[in-house]
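In: return a 3D structure for these sequence lines:
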Amino acid sequence: MNFTSTGMSPEALRETLIDVIKEAGHARTRAVEDALRAVERHHYVPHVDPVDAYANDIVVTKRTPEGEVLSCASQPAVVALLLDQLRPRRGDRVLEIGAGTGYNAALLAHLVGEGGHVTAIDVDADIVDHARERLTAAGVGNAEVVHGDGARGHEPGAPYDGIIASVGAYGIPDSWLTQLAPAGRLVIPLRIRGSVSRSIAFERAPTGGWRSAEHAMCGFVPLRGGIADDPRSRIDLTGDTSVTLQSHQDQPFAPGRLTGVLDQPRREVWTGVTFARRESLEWMYLWLTCALPGGLRSMPVQQAAFDSGRVTPMFRTGMAVPGDGEVAYLAKRPGGYDSDGHELTETGVVGHGPHGGGLAARVAEEIRAWDSNFRHRGVRFEIPADGTDTSDPTRGRFFLDRPHHPITVVWE
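Out: Numbering: from 1, shown residues only. Got it, this is the predicted structure:
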């Protein structure tokens, strides 16, 4: 048994990681927990210390020259979440989109057993070679790694009982749907609009199309280099990159009109909508990204801009709605106490630009509408069979067009 610099063996580190994952509410089945215990993550990221290999964090394996992450070993808790959603069984055939380090394929191979088979596909030959080598070295005989555009699936191995994307996607390619067996399940970290993503497990709906069986907030390195790639960039809001706004292919306004927008007058609107200290903002984020044309987008802020008060977002990585020459970002202030004496935080909106006050007011209006009518409802996602636009925001129904297949988001 080897020991690390902390004095803990890899086995002990792995057990500690499993405890962290389970405390987060993942690895819900004994099968997934056993897979996490059986597969050695440090074997698939040999360039890092086992202490880092068993941290509940990503391990970056490839970057662009500018430093953007191209590939990584995903956060273990998120990996467990996706495996929970896929629900692989002994004997299943599974296709993984994005090979990464080979670790996820090894987990899947353990879950489907010797009678099952896992195919992982990746667009980068070097990633394919590494994953193959690691799987072979670990003696995994029921998994293969192929080189190709994951958005096209892998027809030779179809039909699959499960298809799982270990990359973020915006479009939903036909191949992922047509290569599934009739009772198959598709698990995809799907970018809904702007910077809001959810991992969604889709199953065929009895009346046609597809419907979510379960979903959870998460994010992934985006699909790239193929027919469904989802490029992203950053808009410099300040001219010195101290505050930027994430941009995607669904950005409806000219990015250049936003540079320097924070130098224009500031307008604040407070909503009266409050949150408890540990209450998730994910459902408000989802509503805003569906209801507003610009979507809700990530706004990273450097510490100096945060400390100086140049911007006052809720968090260092703020969330903002772009307009055509204006921007409005979410803010917070103390919101009193609930009936049990717990602190509350009030949500506000700060707008900049020629019509920044109007945009801030519109965002605030949507926050109040969500709070009044939809805050305590559930949400489902659909891939409609005929692609018909059935939007009705007053009833909490949004049709979001996109490449390949549109989706519908429904509060119910």
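In: pLDDT weak spots in the stretch 151-300 of the chain?
Out: Applying pLDDT under 70 to the stretch 151-300 of the chain flags residues 222-228.
In: burial count for E23?
Out: Around E23 there are 11 other residues, counting by other Cβ atoms under 10 Å. In this view, the C-beta of every residue, glycine as well, is placed from N, C-alpha and C.
In: packing partners of the biggest strand by length in the chain?
Out: Of all segments of type strand in the chain, defined using DSSP state E, the longest is strand 180-193. Here strand 180-193 touches helix 76-86, strand 160-165, helix 174-178, strand 196-204, helix 282-291, strand 407-411, going by 3 or more Cβ pairs under 8 Å, 6 or more residues apart in numbering; DSSP states H and E.
In: name the residues of the fifth one that are buried.
Out: Neighbour-count burial for helix 282-291 flags 283-291 (criterion: 16 or more other Cβ atoms under 10 Å).
In: re the thing from before, of the helices and strands packed on strand 180-193, which is nearest G353?
Out: helix 282-291 (17.9 Å; Cβ to Cβ).
In: I'd like the next helix or strand past that closest one.
Out: Sequence order places strand 297-300 as the next helix or strand after helix 282-291, per DSSP states H and E.
In: circling back: how about the helices and strands packed on strand 180-193 in a markdown table, adding distance to P252?
Out: As requested, the helices and strands packed on strand 180-193 are arranged in a markdown table below (distance: least, Cβ to Cβ, whole Å):
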| stretch | distance to P252 |
| --- | --- |
| helix 76-86 | 29 |
| strand 160-165 | 25 |
| helix 174-178 | 25 |
| strand 196-204 | 15 |
| helix 282-291 | 13 |
| strand 407-411 | 17 |
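In: right, and those - which one's nearest E268?
Out: Distance to E268, taken as Cβ to Cβ, is lowest for helix 282-291 among these, at 17.2 Å.
In: measure how far that closest one is from the centre of its chain, please.
Out: Here helix 282-291 is found 14 Å from its chain centre; the criterion is Cα atoms, centre = their mean, to the nearest Å.
In: run through who's touching that helix.
Out: 192-196, 198, 217, 273, 295-296, 319, 321, 347, 363, 366-367, 369-371, 374-375, 379, 393, 398, 400, 409, 411 (Cβ atoms under 8 Å, 6 or more residues apart in numbering).
In: please redo it, this time with the cut-off set to 7 Å
Out: For helix 282-291, the external contacting residues (Cβ atoms under 7 Å, 6 or more residues apart in numbering) are 192-194, 196, 217, 295-296, 319, 321, 363, 366-367, 370, 374-375, 379, 393, 398, 400, 409.
In: are any of the residues you listed buried, and if so which?
Out: Those of those that meet the buried threshold are 192-194, 196, 217, 295-296, 319, 321, 363, 366-367, 370, 374, 379, 398, 400, 409, by 16+ other Cβ under 10 Å.
In: which parts of the longest strand of the chain are buried?
Out: Of the residues in strand 180-193, 180, 184-193 count as buried by neighbour count, 16+ other Cβ under 10 Å.
In: between that strand and helix 76-86, how big is the angle?
Out: Here the directions of strand 180-193 and helix 76-86 differ by 140 degrees (axes from the mean of the first three to the mean of the last three Cα atoms, to 10 degrees).
In: measure how strand 180-193 sits relative to strand 160-165, angle-wise.
Out: 20 degrees.
In: distance between strand 180-193 and the chain's centre?
Out: Worked out by Cα atoms, centre = their mean, strand 180-193 lies 13 Å from the chain centre.
In: residues touching it, excluding its own?
Out: For strand 180-193, contacts defined as Cβ under 7 Å, 6+ apart pick out 82, 85-87, 159-165, 168-170, 172, 176, 197-204, 213, 218-220, 230, 250, 286, 289-290, 295, 400, 409.
In: domains for this structure, by residue range?
Out: The chain is divided into the following domains under automatic domain parsing: 10-217, 232-373.
In: pull the CA atoms of stretch 75-93 into CSV?
Out: Provided in CSV are the C-alpha atoms of stretch 75-93 (Å, rounded to 0.1, in the frame of the first residue of the first chain):
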residue,chain,number,x,y,z
GLN,A,75,-15.5,16.9,-10.6
PRO,A,76,-16.2,13.5,-9.0
ALA,A,77,-19.4,14.7,-7.4
VAL,A,78,-20.7,15.7,-10.8
VAL,A,79,-19.6,12.4,-12.3
ALA,A,80,-21.6,10.6,-9.7
LEU,A,81,-24.6,12.8,-10.4
LEU,A,82,-24.5,11.9,-14.1
LEU,A,83,-24.1,8.2,-13.3
ASP,A,84,-27.1,8.4,-10.9
GLN,A,85,-29.1,10.0,-13.7
LEU,A,86,-28.0,7.4,-16.3
ARG,A,87,-28.9,4.4,-14.1
PRO,A,88,-26.7,1.9,-16.1
ARG,A,89,-27.5,-1.8,-15.5
ARG,A,90,-25.5,-5.0,-16.0
GLY,A,91,-25.3,-5.9,-19.6
ASP,A,92,-26.1,-2.4,-20.9
ARG,A,93,-24.4,-0.9,-23.9
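In: residues contacting that stretch, please?
Out: 17, 21, 24, 26-29, 32, 36, 41, 56-58, 94, 104, 107-108, 111-113, 115-117, 157, 160-162, 164, 185, 187, 199, 201, 214, 216, 218.
In: state the distance from R193 to Y285.
Out: R193 sits 11 Å away from Y285, going by Cβ to Cβ, to the nearest Å.
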